[in-house]
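Trainee: would you be able to build a 3D model of this:
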Amino acid sequence: QVQLVESGGGLVQAGASLRLSCATSGWAFSHYTRAWFRQAPAKDREFVAAIAWNGETTYYADSVKGRFTISRDNAKNTVFLQMNSLKPEDTAIYYCAARSSTIATRLDDYDYWGQGTQVTVSS
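Mentor: Next up, the predicted model:
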């Protein structure tokens, strides 16, 4: 059974940092594009960042550019999201996702999803 499992969420103050991880089991995903999305209360799920299978290409939403960094370790089948200078508006459930083709930003483009991890940023 294919599983994506997020971890690393929590409650932090504005300006702090968090590092999210997404581990996979049941499938290597080493040649898959990996991404992070987030969903704030009463809002639609939105794209945050994506990374190509070889790590050479990344793409970010404008709202997180310069503050968040996506990376991956294919040997460990894990993708990371380093989040710095967190703001209250970053509060959301963060989901990792995977797809077998090139980087994309739409939800429907991704085939595999994790269950999410909560990130709460207090002001």
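
Trainee: could you give the bridge partners of the most centrally placed residue in the chain?
Mentor: Geometric centre of the chain, nearest residue: Trp36, 2.4 Å, by C-alpha atoms, centre = their mean. Assessed by DSSP bridges, Trp36 has beta-bridge partners Ala49, Cys96.

Trainee: Thr57 against Ile103, yeah?
Mentor: Yes - assessed by C-beta atoms under 8 Å, Thr57 is found in contact with Ile103 at 6.2 Å. No exception for glycine: its C-beta is placed from N, CA and C like everyone else's.

Trainee: just the strands in this protein please.
Mentor: Under the criterion DSSP state E, strands of the chain are mapped to 3-7, 10-13, 18-25, 33-39, 46-51, 58-60, 68-73, 78-83, 92-99, 112-113, 117-122.

Trainee: export the ones you listed to TSV and tack on mean pLDDT?
Mentor: Listed next are these as TSV, based on pLDDT from 0 to 100:
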stretch	mean pLDDT
strand 3-7	94
strand 10-13	98
strand 18-25	94
strand 33-39	97
strand 46-51	98
strand 58-60	98
strand 68-73	97
strand 78-83	97
strand 92-99	97
strand 112-113	95
strand 117-122	98
